[in-house]
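Trainee: sequence and predicted model, in that order:
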Amino acid sequence: MSVSRCVESNPKCSSPWWALASPGPRRSPVRAPEMFTPIPPSSLWQRMKRSPKTRVSSLMILKLKALTYHSAVFRGSGAFRWMWLMRNAMTRLLGSCWNVVQELVYTPFREVRKMGQLDGRTVLITGAARGIGAACAHRLAADGARLVLADLDPGVEKVARELGQVAIRADVTRRDDIVRMVEEPYRRWGRLDVLFNNAGVIRVQPMLDVSEAEWDRVMTVNLRAVFFVLQAVSRRMVRQDPIAGSELRGKLIQTASIASYRGGNHLMTPYSASKAGVVSLTRSAAQALARERITSNCVCPGAVETAMWEQIDKEWGALEGLGQGEAWKRRIRGIPLGRPERPEDVAKVVAFLAGPDSDYMTGQALNVDGGLVMGN
C-alpha cells in the first residue's frame, strides 16, 4: 500500500513517512502507532546532505521504513512483526551491498589522491637531466608537483618535455645562472616550495695524485654551488607565505652520499670530502632557518645505477686493471639487500621529504643505500 493511501485510511497516523523510530519493547496488544516514538530526521537528513556517497542507500532505507511502518498500522501486530523482520534484513543487506560498492568504486580514487600529495607545490631540481635528478623529476611530477628542471646538460629539455614541465639551462657554479634559475618559479607561479639541490660531479683518482684544479672543480660544484643555490632560495623563501596546508614556508633537500660517513673509495677523496660538507651544510641550514619555518634535510645514496657510476667503473678499472663492469660488481657485492640501487629508490625518499609527511623533520641525513651503511 502506498504511503498516501495509508495516511488517508488512518487519520490518527499524523507522523510523516520520514519521522520514524524503532519499536518500543512492549509486547501488549496496543495500537501500532503507540509502539513508535517519532524522532526528528535532522541527524540522518544532515548526514545525507553532507555525504553524497550515502544518499542513495539512506533514501532507500528511509522509504523501506515508511512502508513497513504504515503497513504495520494497517494490518495489525502479526503483519507488523513480519514486516519489521523483513525491514531489518533488507536494511542490513543494503548496508552490506553499499559497503562493497564503496570499496570497489571509491578506493581507486583514494589511491589516486594519495599519489597527489604534492599537488600545487612548486619544486626546483638541479642536475635534473639524468640519473637521480631525472628520476626525482618523474616521481615528483607524478605526485602533482610543478617543476623547474635545471641543468647544464641539454638533456634536461627532453625530460621537461616528457613531463610537461619547465626546463632551464643553467650552470650552478655561475652566480647569474643561479639567480635566473631561482627566479623562474617565482616568475611563473609566485613562489618556490621545495628545492632539490642535486647537481654534482665526481673524479676517480688516487689521493696522492689529486691536483689543486681537480680538487677545486669537485668542491666548486658539489659544495660551493650547493651552498649558494641554497642561500639564494632561502632568501626568497623567508619572505613568502607558508605552503598551502602547512606551517612551513619551504623545504630544502640536498644530495649527499654514504661517502660522507665512510670516506668513500680510496680513489674518490675530493668527492667524499665534498659530500661530508653537504651533510654539515644541511644541518647548519636546519639550525639557521628553523625560526623561519624552513626545513633542511639531505639524502645519502649508495651505489646507484647511473651514468656517474658508469664513469666511476671505467676510471676505476683503468687505474687498477679491471675489466668493464668489474669495479661495479665489486662495489655492489656487499649490499645487504642483494641488489644495486636504482635512481627510483632515491626518488621515493626525496618525494617523502618534499611532501607533508616529513614536515616535522629537519637537519636529517637519510641513508638510501640498501644497508651499506647502518647508522651515521
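Mentor: Cool, the structure landed.
Trainee: can you show me the strands along the chain?
Mentor: With DSSP state E as the criterion, the chain has strands at 122-126, 146-151, 166-169, 194-197, 250-255, 294-301, 365-368.
Trainee: show me what the third one is packed against.
Mentor: Which is strand 166-169. Counting contacts by 3 or more CB pairs under 8 Å, 6 or more residues apart in numbering; DSSP states H and E, strand 166-169 packs against strand 146-151, helix 155-163, helix 175-189. (Glycine included, C-beta is placed from N, CA and C.)
Trainee: got these as TSV, with distance to Ala276, mean neighbour count and mean pLDDT columns?
Mentor: Shown next, in TSV, are the helices and strands packed on strand 166-169 (distance: least, CB to CB, whole Å; neighbours: other CB atoms under 10 Å; pLDDT from 0 to 100):
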stretch	distance to Ala276	mean neighbour count	mean pLDDT
strand 146-151	24	27	98
helix 155-163	28	17	96
helix 175-189	23	16	97
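Trainee: next, format those as CSV and append distance to Ala273.
Mentor: Shown next, in CSV, are the helices and strands packed on strand 166-169 (distance: least, CB to CB, whole Å):
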stretch, distance to Ala273
strand 146-151, 24
helix 155-163, 27
helix 175-189, 23
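Trainee: can you list the domain ranges for the protein.
Mentor: By the assignment in automatic domain parsing, the chain contains the domains 3-114, 118-368.
Trainee: for those, which has the smallest mean pLDDT value?
Mentor: Note on these: lowest mean pLDDT is at domain 3-114, with a mean of 53.
Trainee: to Val159, which of the strands of the chain lies closest?
Mentor: Of all those, it is strand 146-151 that lies closest to Val159, at 5.9 Å by CB to CB.
Trainee: just checking, what packs against the closest one?
Mentor: Strand 146-151 sits against strand 122-126, helix 131-142, helix 155-163, strand 166-169, helix 175-189, with contacts defined as 3+ CB pairs under 8 Å, 6+ apart.
Trainee: may I have stretch 265-280 as PDB, with CA atoms only?
Mentor: Extracted C-alpha coordinates of stretch 265-280, given in PDB (Å, rounded to 0.1, in the frame of the first residue of the first chain):
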ATOM      1  CA  ASN A 265      86.500   4.700  -2.100                       C
ATOM      2  CA  HIS A 266      90.200   5.500  -1.700                       C
ATOM      3  CA  LEU A 267      90.100   6.800  -5.300                       C
ATOM      4  CA  MET A 268      87.400   9.400  -4.600                       C
ATOM      5  CA  THR A 269      88.800  11.600  -1.800                       C
ATOM      6  CA  PRO A 270      87.600  15.000  -3.100                       C
ATOM      7  CA  TYR A 271      84.100  13.700  -3.700                       C
ATOM      8  CA  SER A 272      83.900  12.100  -0.200                       C
ATOM      9  CA  ALA A 273      85.100  15.300   1.400                       C
ATOM     10  CA  SER A 274      82.600  17.400  -0.600                       C
ATOM     11  CA  LYS A 275      79.700  15.200   0.400                       C
ATOM     12  CA  ALA A 276      80.600  15.300   4.100                       C
ATOM     13  CA  GLY A 277      80.500  19.100   3.700                       C
ATOM     14  CA  VAL A 278      77.000  18.800   2.200                       C
ATOM     15  CA  VAL A 279      75.800  16.900   5.300                       C
ATOM     16  CA  SER A 280      77.300  19.600   7.600                       C
END
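Trainee: contacting residues around it?
Mentor: For stretch 265-280, contacts defined as CB atoms under 8 Å, 6 or more residues apart in numbering pick out 200, 202-207, 210, 214-215, 218-219, 222-223, 226, 254-257, 259-261, 263-264, 298, 300, 312, 315-316, 319, 331, 365.
Trainee: one step back: so for Ala135, which of the helices and strands packed on strand 166-169 sits nearest?
Mentor: Closest to Ala135 of these, according to CB to CB: helix 155-163, at 9.9 Å.
Trainee: packing partners for the closest one?
Mentor: Packing contacts for helix 155-163, counted by 3+ CB pairs under 8 Å, 6+ apart, involve helix 131-142, strand 146-151, strand 166-169.
Trainee: related to what we said a few turns ago, CSV for the strands of the chain, including distance to Gln240?
Mentor: Formatted as CSV, the strands of the chain follow (distance: least, CB to CB, whole Å):
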stretch, distance to Gln240
strand 122-126, 10
strand 146-151, 15
strand 166-169, 19
strand 194-197, 12
strand 250-255, 7
strand 294-301, 10
strand 365-368, 26
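Trainee: which of those strands sits closest to Met90?
Mentor: Among those, strand 146-151 comes nearest to Met90, with 50.0 Å by CB to CB.
Trainee: name the residues that touch that closest one?
Mentor: Contact with strand 146-151 is made by 120-129, 133, 137, 140-141, 156, 159-160, 163, 165-170, 172, 181, 184-185, 188-189, 199, as judged by CB under 8 Å, 6+ apart.
Trainee: just stretch 235-253 next, same as before
Mentor: By CB under 8 Å, 6+ apart, stretch 235-253 touches 120-121, 182, 186, 191-197, 230, 233-234, 282, 285, 289, 292-299, 350, 353-354, 356, 358-359.
Trainee: measure that stretch end to end?
Mentor: One end of stretch 235-253 to the other measures 16 Å (CA to CA, to the nearest Å).
Trainee: can you pull the buried residues of that stretch?
Mentor: Neighbour counts using 16 or more other CB atoms under 10 Å place Arg236, Met237, Ile243, Leu248, Arg249, Gly250, Lys251, Leu252, Ile253 of stretch 235-253 among the buried residues.
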